[in-house]
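Q: How does the following fold in three dimensions:
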Amino acid sequence: MLKRTIGLLALTGALAAGPAAKANVIALVIDGSGSISASDFTTQKTSYINALNALITPNGQNSFGVWQFSSTVQQEFAITTISSAADLTNLTTAIGNMVQLGANTAIGDAITAASNALV
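A: Below is the predicted model:
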């Protein structure tokens, strides 16, 4: 039986120091390159949405940003503090609405873009 693994890269950091700091700042860097089949890309999106809905409480303690990469990097969702159900819906809707970019795999550029947003 062939087993496929679809990965997720999450970078964490702090948006601010002191009392204004968020407990978790997470950058999701999602592979939208041509090496990912259309069905696996859909599986990725569905999995991220299900995990976020199951694990994230919209209490202002978590901030997320989402980037998709292929030959280029595209920010899909700016870093936003998830303080309400509407914020969580906006995050999961952005992921669900992603259109696969295709082409090559520029993961290094994606990591740089996400890392720069975290500092």
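
Q: for the chain, which helix is longest?
A: helix 38-55 (DSSP state H).

Q: Which other helices and strands does that one contact?
A: Packed against helix 38-55 by the contact rule (3 or more CB pairs under 8 Å, 6 or more residues apart in numbering; DSSP states H and E) you find strand 24-31, helix 85-96. In short, each C-beta sits where N, CA and C put it, glycine included.

Q: now the ones you listed in a markdown table, with mean pLDDT?
A: Formatted as a markdown table, the helices and strands packed on helix 38-55 follow (pLDDT from 0 to 100):
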| stretch | mean pLDDT |
| --- | --- |
| strand 24-31 | 90 |
| helix 85-96 | 97 |
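
Q: out of those, nearest to Asn104?
A: strand 24-31 (11.0 Å; CB to CB).

Q: got the angle for that closest one vs helix 38-55?
A: Direction vectors for strand 24-31 and helix 38-55, defined by axes from the mean of the first three to the mean of the last three CA atoms, to 10 degrees, enclose an angle of 170 degrees.

Q: Start the count at 49 instead of 1 going forward.
A: Fine by me, first position is 49 from now on; the one you just mentioned is strand 72-79.

Q: send the alpha carbons of strand 72-79 over as PDB?
A: As requested, C-alpha coordinates have been extracted for strand 72-79 and formatted as PDB (Å, rounded to 0.1, in the frame of the first residue of the first chain):
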ATOM      1  CA  ASN A  72       1.000  31.800  19.400                       C
ATOM      2  CA  VAL A  73       1.900  33.400  16.100                       C
ATOM      3  CA  ILE A  74       1.900  30.800  13.300                       C
ATOM      4  CA  ALA A  75       2.800  31.100   9.700                       C
ATOM      5  CA  LEU A  76       1.400  28.300   7.500                       C
ATOM      6  CA  VAL A  77       3.500  27.800   4.400                       C
ATOM      7  CA  ILE A  78       1.600  25.600   1.900                       C
ATOM      8  CA  ASP A  79       3.000  23.800  -1.100                       C
END
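
Q: Who does it pair with, and is each partner parallel or antiparallel?
A: In the sheet, strand 72-79 lines up against strand 57-60 (antiparallel), strand 110-117 (parallel) (DSSP bridges).

Q: Considering these, which stretch scores lowest in mean pLDDT?
A: With a mean of 50, strand 57-60 has the lowest mean pLDDT of the strands paired with strand 72-79.
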